[in-house]
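>>> Sequence plus the predicted model coming up.
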Amino acid sequence: MLVRRKRTSPGSRRQPGSRRQIVGLASRTVSAAALATATVAAVAACGSGSAGHTASSSSASPSATQPKSAASSGNLAANGSGLCGAIAQVDSLTVQRTSALPGNHPRFAFPATEKVSNAPDAQSVAQSLCALQPASHTVIACPADFGITYKLTFAAGSHRFAPVTLDAAGCELVRGLGATRHITTSNVVWRRLGVAIGIPHPSQAAFAGTSASS
C-alpha cells in the first residue's frame, strides 16, 4: 500500500523559530512603548513640579518685598500730611493769616502772608509742631477766640505738604497733623514761628493781634 506524503507549498511552510521571533519582537515593541510612556510621564512630572515651584515663587515675591508706598501710607495716616516724617527735607514755609471776624478790624505788626526761605527756620517750626501732644478729649475752659487762624504750608523742593492750621487764640488748636493737637503756654511754637518770619520778641499775643479799640 502506497502512502503519499502531502506536499506543502513553500509559502505556507513555517520557518523554524519564526513564532519565537514574532513573540520577541512584540515583547520588545511593548517594552519600548512602556519606556516611552514612562519617560513622558517623568518629564511631565518634572515640568509640573517646576511650574508649581515657579508659581509659588512668583506668588511669594510680592509679599516678601513690601512696597515703599505701604510704609508711606502708614506715615501719612500717623502724621496727617506726612510732615513729621520728613522734617529734614523741609526747606521753606509759607504763612497765611485769615480772620473769621474781619469786622473786629484786628491789627498786626506783620503782613498777612509771609514766606520763610531759610530751611533751618522752617524745620524748627515743623519740629515744634510735631512735638505737640494730642488735645485732651475732656472739656476744658479756653480764652475767647476771635477767629484768627494761621495756615502753614511747608515745602520740600517742589513738594508741598498738606497745610497745618493754628488757632491764634481760644484753645490754640493745631490741625493737619493727624490728631488735633493743642498749644499750651509752655510750647515754643509761637516763638519759633515768630523768629522764622522775623517778628521781634514773638509771642502768642503778637499772633492773636490787637483790636482797633486798643
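Happy to help now that I have it. Source: prediction; values computed, not measured. Residues are numbered from 1 along each chain as shown.
>>> SS state for residue 121?
Three-state assignment for residue 121 (DSSP: H, G, I helix; E, B strand; the rest coil): helix.
>>> Quick check: nearest residue in space to it, chain neighbours excluded?
Leaving aside its chain neighbours, residue 121 sits nearest to residue 196 (4.0 Å; criterion: C-beta to C-beta, 6 or more residues apart in numbering). Any C-beta I mention is one placed from the backbone N, CA and C, and that applies to glycine too.
>>> distance of that neighbour from residue 142?
Here the distance between residue 196 and residue 142 works out to 25 Å (C-beta to C-beta, to the nearest Å).
>>> after the lowest-mean-pLDDT helix or strand in the chain, next one along is what?
Sorting the helices and strands of the chain by mean pLDDT, DSSP states H and E puts helix 68-79 at the bottom, at a mean of 39. Tracing the chain past helix 68-79, the next element assigned as helix or strand by DSSP states H and E is strand 92-99.
>>> Name the residues of that following strand that are buried.
92-97, 99 (16 or more other C-beta atoms under 10 Å).
>>> From those residues, pick the one nearest residue 174.
Within the buried residues of strand 92-99, distances to residue 174 taken as C-beta to C-beta reach their minimum at residue 95, with 13.7 Å.
>>> Can you tell me the closest non-neighbouring residue to the closest one?
Across the structure, with C-beta to C-beta, 6+ apart as the measure, the residue nearest residue 95 apart from its sequence neighbours is residue 114 (4.5 Å).
>>> and the one you found, how many neighbours?
Other residues near residue 114 number 17, with proximity taken as other C-beta atoms under 10 Å.
>>> buried sites along the strand or helix carrying it?
Element membership for residue 114, per DSSP H and E: strand 113-116. Neighbour-count burial for strand 113-116, counted by 16+ other C-beta under 10 Å, picks out 114, 116.
>>> Adjacent strands (with direction) for it?
Partner strands for strand 113-116, per DSSP bridges, with pairing direction: strand 92-99 (antiparallel).
>>> angle of the host helix or strand of residue 129 against strand 92-99?
Using DSSP H and E, the element containing residue 129 is helix 119-130. Between helix 119-130 and strand 92-99, the angle comes out at 60 degrees (axes from the mean of the first three to the mean of the last three C-alpha atoms, to 10 degrees).
>>> Could you identify the helix or strand that succeeds helix 119-130?
Using DSSP H and E, the next helix or strand after helix 119-130 towards the C-terminus is strand 148-156.
>>> Using CSV, write out the CA atom coordinates for that following strand.
What follows is strand 148-156 as a C-alpha-only set of coordinates in CSV (Å, rounded to 0.1, in the frame of the first residue of the first chain):
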residue,chain,number,x,y,z
ILE,A,148,-7.6,134.4,63.9
THR,A,149,-6.1,131.4,62.1
TYR,A,150,-2.7,130.8,60.5
LYS,A,151,-2.3,128.3,57.7
LEU,A,152,1.3,127.0,57.4
THR,A,153,2.3,125.3,54.2
PHE,A,154,5.6,123.5,54.4
ALA,A,155,7.5,122.5,51.3
ALA,A,156,10.4,120.3,50.4
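>>> Give the other helices and strands that that strand contacts.
In terms of contacts (3 or more C-beta pairs under 8 Å, 6 or more residues apart in numbering; DSSP states H and E), strand 148-156 is packed against strand 92-99, helix 119-130, strand 164-167, helix 204-208.
>>> now those as CSV including mean pLDDT and distance to residue 186?
Formatted as CSV, the entries for the helices and strands packed on strand 148-156 read as follows, by pLDDT from 0 to 100; distance: least, C-beta to C-beta, whole Å:
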stretch, mean pLDDT, distance to residue 186
strand 92-99, 97, 22
helix 119-130, 97, 11
strand 164-167, 96, 16
helix 204-208, 93, 12
